[in-house]
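Student: here you go, sequence then predicted model.
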Amino acid sequence: MKWLALLAVCATGSLLIYGVSDFPDWGSANSPANGGVEGAGASISEVFIEETETLTKVPNIVTAVLADYRGYDTMFETVVIFAAGMAIFAIIRVMRDTEQTQDKTQLDSSVDGDHQRIIVGTTCRILIPVIQLFALYVVAHGHHSPGGGFQGGVILGASFILIGLAGNLETAMQRFSEKQFVSMACIGIFIYAGFGLLGQFLGGDFLEYGVLQKVLLTDGEPMARSHSMLGVEIGVALTVTAIMFAIYANLASKGELKNGL
Amino acid sequence: MQDFIQNFVQPHFNYWAYVIVMMIGFWALIAKRNLIKKLIGMSIFQSAIILFYVSLGVKDGATIPIIDHHQPAPIHEVSQEGHDAHYNSHGEEEAHHHKPVAAEFVNPLPHVLMLTAIVVGVATLGVALAVSQSIYKDFGTLEEHEILEQIKTGDFHD
């Protein structure tokens, strides 16, 4: 069996290497991804780079492409995250109450209390607010500097996971309960889809941010697009935060959501 | 050999690296029997794809696709052209109307695609870990052949 696997790996690898020899040189400005084919008009990359700032007033083109040009894609990307979280709940979440057999010492250890974890606990108590503030900055400033909803959401989720790792899951769940993170995940999706539907109600297409100018009261459609992108990114961040923590909490506690690692 | 490396490997170094990394992941996926090792292989495979896309997006002499719109007005150019007064009153306006040159920025699309690929990678890994955890609960093992054995004999609980 191993020989068969080795054969498959070698065959696939050599085919890919064979394909690599036809690739454009690394960093070449004339490769299809960078410059486009000659005589075929402006490439998609050129359009993105040259038009984005006048159309959306968003300097971070990655965010603009993510939230506006490919808004539909990103919405369902968020739905994929949400579905993954729900799938984990369906697979391992234990809904019945298990008997209370945990020993008391483990329950009492928290970020503040446990003697053995005093260094870890103190460090985390100082670090976690900074991490959360940075996460909010990454979300809120995501269309001006590197960042955005996915990145900020992951950092924010990681800060809650850090609470769970430094103390125990109980401590983290006190601050971010199951009810809260499940509803937060739903609210995130609703915010994103809400921006799309609002555009439709105002006479545009689904996820057409330009028409939201009437509601957001901005000067000009480009600013409306910019503000809508921020709103959409906040929705993404809420869902990602909630699902990151949900994945950790479920996996760490074997689906009981209490007394995990 | 020297010739081969200079003509085929060096200009495509990242692509060679992605093929090798991807094949390591592929090997772990199909040859390893432990489910967790398979998942590690899957993650390596995904990283290889990310490396591939990011390598495609590299452009010599270009910077990240974020337009610097707070650039101070280029004073020396203005004094050369000799309409100082006009520029001072509308300096900011003119800076805004500067159209970005496509050659100076990398293509944002590969980065957007990989941004979402990373997050979906996390989601799939989470679900896969949950499934393997529930497999472990039922079979008491994560070794593929032992699980298949138990399924054949019907020797497992739940």
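Tutor: Done, it's in.
Student: residue in the stretch 101-250 of chain A nearest to chain B?
Tutor: Nearest residue of the stretch 101-250 of chain A to chain B, counting by Cβ to the nearest Cβ: A:Ile247, 3.9 Å away. The C-beta positions use only the backbone N, C-alpha and C, and glycine is treated the same way.
Student: where are the low-confidence patches of the chain?
Tutor: You didn't pick a chain, so chain A it is. In the predicted model, chain A carries pLDDT under 70 at residues A:35-41, A:97-116, A:259-261.
Student: my bad, chain B
Tutor: Low-confidence segments of chain B (pLDDT under 70): B:69-98, B:157-158.
Student: and A:Gly147, backbone torsions?
Tutor: Phi and psi for A:Gly147, reported as degrees, to the nearest 10, are phi 150, psi -170.
Student: what's the helix or strand for the residue most central in space within chain A?
Tutor: By Cα atoms, centre = their mean, chain A has its centre lying nearest to A:Phe150, at 2.6 Å. Taking DSSP states H and E as the criterion, A:Phe150 maps to helix A:149-166.
Student: with only the CA atoms kept, save that helix in CSV.
Tutor: Listed next in CSV are the C-alpha coordinates belonging to helix A:149-166 (Å, rounded to 0.1, in the frame of the first residue of the first chain):
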residue,chain,number,x,y,z
GLY,A,149,-13.1,41.5,9.4
PHE,A,150,-11.6,38.1,9.1
GLN,A,151,-8.2,39.1,10.6
GLY,A,152,-9.7,41.2,13.4
GLY,A,153,-12.3,38.5,14.2
VAL,A,154,-9.6,35.8,14.5
ILE,A,155,-7.5,38.0,16.8
LEU,A,156,-10.5,38.8,19.0
GLY,A,157,-11.5,35.1,19.1
ALA,A,158,-7.9,34.2,20.0
SER,A,159,-8.1,36.6,23.0
PHE,A,160,-11.1,34.7,24.4
ILE,A,161,-9.3,31.4,23.7
LEU,A,162,-6.3,32.8,25.6
ILE,A,163,-8.6,33.4,28.6
GLY,A,164,-9.7,29.8,28.4
LEU,A,165,-6.1,28.6,28.1
ALA,A,166,-4.7,30.7,30.9
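Student: which residues in the chain form helices?
Tutor: Went with chain A since none was named. A:2-20, A:44-56, A:61-64, A:71-92, A:104-108, A:118-140, A:149-166, A:169-175, A:178-201, A:213-216, A:221-252 (DSSP state H).
Student: my question was about chain B, not that one.
Tutor: Using DSSP H, helices in chain B cover B:2-4, B:13-31, B:35-56, B:75-81, B:84-97, B:108-139, B:144-153.
Student: any chance of the ones you listed in TSV, plus distance to chain A and mean neighbour count?
Tutor: Below are these laid out as TSV (distance: least, Cβ to the nearest Cβ, whole Å; neighbours: other Cβ atoms under 10 Å in any protein chain shown):
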stretch	distance to chain A	mean neighbour count
helix B:2-4	11	7
helix B:13-31	4	19
helix B:35-56	5	18
helix B:75-81	21	10
helix B:84-97	8	12
helix B:108-139	3	19
helix B:144-153	10	13
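Student: got JSON lines for these, with distance to A:Ile92 too?
Tutor: Formatted as JSON lines, these follow (distance: least, Cβ to Cβ, whole Å):
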{"stretch": "helix B:2-4", "distance to A:Ile92": "51"}
{"stretch": "helix B:13-31", "distance to A:Ile92": "23"}
{"stretch": "helix B:35-56", "distance to A:Ile92": "15"}
{"stretch": "helix B:75-81", "distance to A:Ile92": "63"}
{"stretch": "helix B:84-97", "distance to A:Ile92": "53"}
{"stretch": "helix B:108-139", "distance to A:Ile92": "5"}
{"stretch": "helix B:144-153", "distance to A:Ile92": "17"}
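Student: which one of those lies closest to A:Tyr69?
Tutor: Closest approach to A:Tyr69 among those is made by helix B:108-139 (8.5 Å; Cβ to Cβ).
Student: next, the angle helix B:144-153 makes with that closest one.
Tutor: Counting by axes from the mean of the first three to the mean of the last three Cα atoms, to 10 degrees, helix B:108-139 lies at 50 degrees to helix B:144-153.
Student: chain center to helix B:108-139: distance?
Tutor: The chain centroid and the centroid of helix B:108-139 are separated by 14 Å under Cα atoms, centre = their mean, to the nearest Å.
Student: same check, this time on stretch A:140-154
Tutor: How far stretch A:140-154 lies from its chain's middle: 9 Å, per Cα atoms, centre = their mean.
Student: buried ones in it?
Tutor: Across stretch A:140-154, burial judged by 16 or more other Cβ atoms under 10 Å in any protein chain shown covers A:Gly142, A:His143, A:His144, A:Gly147, A:Gly148, A:Gly149, A:Phe150, A:Gln151, A:Gly152, A:Gly153, A:Val154.
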